[in-house]
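K.L.:
mind looking at a prediction? Sequence and model below.
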Amino acid sequence: MSFKSLGLSDALVKAVEQKGYTTPSPIQEKAIPLVLEGKDVLASAQTGTGKTAGFTLPMLQILNQSPQKHNRPIRALVLAPTRELAAQVHENVREYSEFLDIKSTVIFGGVNQNPQVRTIRSGIDILVATPGRLLDLIDQKVLTLKNVEILVLDEADRMLDMGFLRDIKKLLAMMPTKKQSLL
Ligand code: AMP
């Protein structure tokens with residue numbers, strides 16, 4: 001099995017190969033084709049099994065299939081429970097989108113918000129965020145979620161354990177009901 005045979009584009013296969021991966025992991029083999037079909041997917045696997053690429057690669061392909069809008073509203077949102085995980089996911093998004101016309105950034109609390117605000121205002125397609133800082137910036141009208149097409153809840157179980165249910169419900173109410181959801 002190859003990444004190409006899962007339906008990924010040459011630009012994504014090239015980015016994956018650049019990281020040194022040649023064969024999809026079991027969760028990638030299962031998840032990538034379903035996400036590319038536009039299905040909602042709930043996947044569970046231990047850390048270190050390649051989950052991040054399992055949702056990031058098809059998400060990038062779907063976004064890249066329709067042209068980026070001029071003002072670049074946020075089209076995909078990845079929520080993560082901790083700043084470390086958010087930063088790690090964004091690093092993956094950045095690496096895998098190297099050969100695509102896709103912009104992304106990451107926001108989390110505990111640091112000055114001004115650089116994050118500037119980047120968001122410059123226009124991005126994919127936002128990786130922790131729930132608290134995201135709600136803060138929405139309250140300040142820095143961004144809106146009304147154009148979100150793909151929502152990823154990374155480590156959703158841990159987010160619930162950490163008490164993020166209320167925040168997640170608030171955020172869900174700000175997004176279109178018609179969207180693709182990945183957990
Ligand atoms: P994750 O489970 O997403 O945290 O990924 C665990 C580690 O495996 C990360 O260092 C990835 O860069 C790496 N990885 C992801 N997909 C593959 C793959 N298909 N082959 C080899 N390593 C991979």
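P.N.:
Perfect, thanks for sending it. What you are looking at is a predicted structure, and each value in this text was computed from that prediction instead of being measured. Numbering: from 1, shown residues only.
K.L.:
all contacts plus neighbour counts: C-alpha atoms, from now on.
P.N.:
OK.
K.L.:
all strands of this structure, in order?
P.N.:
For the chain, the strands defined by DSSP state E occupy 76-79, 104-107, 126-129, 150-153, 180-182.
K.L.:
of all these, which lies closest to residue 23?
P.N.:
strand 180-182 (22.3 Å; CA to CA).
K.L.:
what separates that closest one from the chain centre, distance-wise?
P.N.:
Relative to its parent chain, strand 180-182 has a centroid offset of 10 Å by CA atoms, centre = their mean, to the nearest Å.
K.L.:
go on, stretch 29-45?
P.N.:
Mean-position distance between stretch 29-45 and its chain equals 14 Å (CA atoms, centre = their mean).
K.L.:
show me where the chain has its helices.
P.N.:
Ranges of helices within the chain are 10-18, 26-36, 51-65, 83-96, 114-121, 131-139, 156-161, 165-172, based on DSSP state H.
K.L.:
same question for the longest one, mean pLDDT?
P.N.:
Helix 51-65 shows an average pLDDT of 97 in the prediction.
K.L.:
and the last one, by the same measure?
P.N.:
For helix 165-172, the per-residue pLDDT values average out at 97.
K.L.:
export the strands of the chain to CSV and tack on distance to the ligand and mean neighbour count?
P.N.:
Listed next are the strands of the chain as CSV, based on distance: least, CA to the nearest ligand atom, whole Å; neighbours: other CA atoms under 10 Å:
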stretch, distance to the ligand, mean neighbour count
strand 76-79, 14, 24
strand 104-107, 17, 22
strand 126-129, 15, 26
strand 150-153, 13, 21
strand 180-182, 14, 18
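K.L.:
next, format those as CSV and append mean pLDDT.
P.N.:
Shown next, in CSV, are the strands of the chain (pLDDT from 0 to 100):
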stretch, mean pLDDT
strand 76-79, 98
strand 104-107, 98
strand 126-129, 98
strand 150-153, 98
strand 180-182, 98
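K.L.:
possible to save those strands as JSON lines with distance to residue 136?
P.N.:
Converted to JSON lines, these look like this (distance: least, CA to CA, whole Å):
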{"stretch": "strand 76-79", "distance to residue 136": "14"}
{"stretch": "strand 104-107", "distance to residue 136": "11"}
{"stretch": "strand 126-129", "distance to residue 136": "11"}
{"stretch": "strand 150-153", "distance to residue 136": "18"}
{"stretch": "strand 180-182", "distance to residue 136": "23"}
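K.L.:
so which of the ones you listed is nearest residue 30?
P.N.:
Among the strands of the chain, strand 180-182 comes nearest to residue 30, with 13.3 Å by CA to CA.
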